[in-house]
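Chemist: Quick one, fold the following:
(one chain, ligands or ions: 2)
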Amino acid sequence: MNAPQLDHSYADAFPELVHAAHAEEQPDPQLVVLNDDLARDLGFDPDWLRSAEGIQFLLGRGGNRTVAMGYAGHQFGQLSPQLGDGRALLLGEIDGRDLHTKGTGPTVFSRGGDGRGALGPMLREYLVSEAMHALGVPTTRALAVISTGRKIMRTGAVPGAVLVRTAASHLRIGTVQYTRLVSRDMDLTDRLCTYARQRHYPDLDTHDEFFSAVMDAQLSTVAQWMRLGFIHGVMNTDNTTLSGETIDYGPCAFLDRFDPATFFSSIDTHGRYAFRNQPAILGWNLARLAEAMVPLIDVETAQETMNSFPERWEKAQAAELARTLGTDDADIGRRWLEHLEVNAPDLTESHRLLNDDPDSISDAQWVADWRALDPQPMEHPFHIPRNHLLDAALRSAESGDLTDFHELLDAVTDPYSDHGVEFRGPAPEGFDDMFRTFCGT
Ligand code: AMP
Ligand code: MG
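Modeler: Ligands and ions are numbered 1, 2, ... in the order given. Next up is the predicted model:
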């Protein structure tokens, strides 16, 4: 097979927003994991991707045009006017989805970083994003992880790797913010928002509708995070997509016991991105999008749409709660959330009990009242990427043994089948108190 032809609609349309850039040569690239199903869905031949030529293609060195995308972003509330792909390249688009490789070496956006990725964090993104996809959450997908043969410096010398992923697009709130910093008139912002609308919401006609649609898409995604106990960890505006897909799996983690104040990220010193804050932070990020789009949307309309955010959040949350409980009874939903808050049980196991053994739920009155409502059948996962399991699997992978990684990957990408107790249940007592996640790794 010849190297696949990719489209370059974004790079063609927005020379102001991209920098032509080349992936560095890798000393000894080895394919660590390839997503055969996704490869076939995209029209790639997995066997060809495994060939030396295919690997060079995935590394961004297949001779096709590659660019680093510019974006800005509010990071922990502060505007960074120039972030951009400091260690990643857009290879192009296939079937309307971006193909993108992370860990390809320095670009004009690297700000002193080495532009590289470490094997552990790249495998982490691979596994968690594929788990999220299997759980039905809109997300970027992972196509491959390739070790580079390079040692890179982090807390010590660690093996380097690249991650190849696909996304509906890599356009973020931060991309719209960037257009305002790159250009003084609104033409660029207008074109970018039109491009994003046509690509992600082709049925819509106006910027007002586009802004509203981004809000709905993100609300639905974040409501699903909240149902599953997912903590993104770094909800900066550069990590909030216009498509609604979850992106950037650096410091993310799932909570075990239901403690809404939980956060794990080592750089999130004040818990800005703690589990319970995620809906409010999304609202804050959308307000930054509105600001960047005014006057494409007029101030009053932007304000009105923002004012509808709390009500839309209630709706999105109620929909997820109804999915959890098999009933949209508001009172039973409120009492369930109270049960979780008061007893702080393991969230995933509590959901499974609703399927498997409701009588063992401690609030017998709630169970009786819930049963009386004759709930619809519910679908709850057996498996999420548990922090302690993923941590252990990545440690083994870093020392060359991928057995645990593949077993865990099998479980979390088939989460509605029971793969055994070893992949279920919370971390041992005390683990979460010590557990920290890292981004930009
Ligand atoms: P993230 O925390 O992954 O959202 O990254 C925030 C910004 O830091 C983005 O502009 C990244 O491209 C950049 N960045 C993260 N790690 C590196 C690295 N090792 N070298 C260069 N830039 C990086
Ligand atoms: Mg990012």
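Chemist: do you know how far the closest residue to residue 171 other than its chain neighbours is from ligand 1?
Modeler: Nearest residue to residue 171, sequence neighbours excluded (Cβ to Cβ, 6 or more residues apart in numbering): residue 242, at 4.6 Å. Placement of C-beta: from N, CA and C, glycine included. In this structure, residue 242 and ligand 1 are 16 Å apart, going by Cβ to the nearest ligand atom, to the nearest Å.
Chemist: where along the stretch 301-441 of the chain do the helices fall?
Modeler: 309-325, 330-343, 347-356, 364-372, 387-398, 403-412, 431-434 (DSSP state H, counting those that start in this stretch).
Chemist: so how far is the longest one off the chain centroid?
Modeler: Right, the one you point to is helix 309-325. With Cα atoms, centre = their mean, to the nearest Å as the basis, helix 309-325 stands 20 Å off its chain's centre.
Chemist: heads up, I number from 46, so please use that
Modeler: Right, with 46 as the first residue, what we last looked at is helix 354-370.
Chemist: can you tell me the average pLDDT over it?
Modeler: Mean pLDDT, computed over helix 354-370, is 98.
Chemist: same thing with the third one?
Modeler: Mean pLDDT, taken over the full extent of helix 392-401, equals 97.
Chemist: same question, the fourth one
Modeler: Across helix 409-417, the average pLDDT comes to 97.
Chemist: coming back round to it: for ligand 2, which of the helices of the stretch 346-486 of the chain is the nearest?
Modeler: helix 432-443 (19.7 Å; Cβ to the ion).
Chemist: Please identify the buried residues of the closest one?
Modeler: For helix 432-443, burial by neighbour count (16 or more other Cβ atoms under 10 Å) applies to 432, 434, 435, 436, 438, 439, 442, 443.
Chemist: Tell me which other helices or strands that helix touches.
Modeler: On a contact count with 3 or more Cβ pairs under 8 Å, 6 or more residues apart in numbering; DSSP states H and E, helix 432-443 meets helix 164-179, helix 448-457, helix 476-479.
Chemist: Show me what from the protein comes close to ligand 1.
Modeler: 128-132, 154-155, 158-161, 279, 284, 293, 295, 484-485 (Cβ under 6 Å from any ligand atom).
Chemist: Can you narrow those down to the ones near ligand 2?
Modeler: Taking Cβ under 5 Å from the ion, the overlap between those and the neighbourhood of ligand 2 is 284, 293.
Chemist: and the helices and strands packed on helix 432-443, which is most packed in?
Modeler: helix 164-179 (a mean of 24; mean count of other Cβ atoms under 10 Å).
Chemist: Now do the helix or strand just after that helix, average pLDDT.
Modeler: Per DSSP states H and E, the first helix or strand lying C-terminal to helix 164-179 is strand 186-198. For strand 186-198, the mean pLDDT works out to 98.
Chemist: follow-up on the earlier one: of the residues of the chain next to ligand 1, select the buried ones using a ChimeraX command.
Modeler: To isolate the buried subset of the residues of the chain next to ligand 1 in ChimeraX, counting by 16+ other Cβ under 10 Å, use the following:
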select :128,129,130,131,132,154,155,159,160,161,279,284,293,295,484
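Chemist: on that earlier part again, to residue 307, which of the helices and strands packed on helix 432-443 lies closest?
Modeler: Residue 307 sits nearest to helix 476-479 of all the helices and strands packed on helix 432-443, at 7.6 Å, using Cβ to Cβ.
Chemist: mind putting the helices of the stretch 346-486 of the chain in CSV, distance to ligand 2 included?
Modeler: Shown next, in CSV, are the helices of the stretch 346-486 of the chain (distance: least, Cβ to the ion, whole Å):
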stretch, distance to ligand 2
helix 354-370, 23
helix 375-388, 30
helix 392-401, 26
helix 409-417, 40
helix 432-443, 20
helix 448-457, 22
helix 476-479, 25
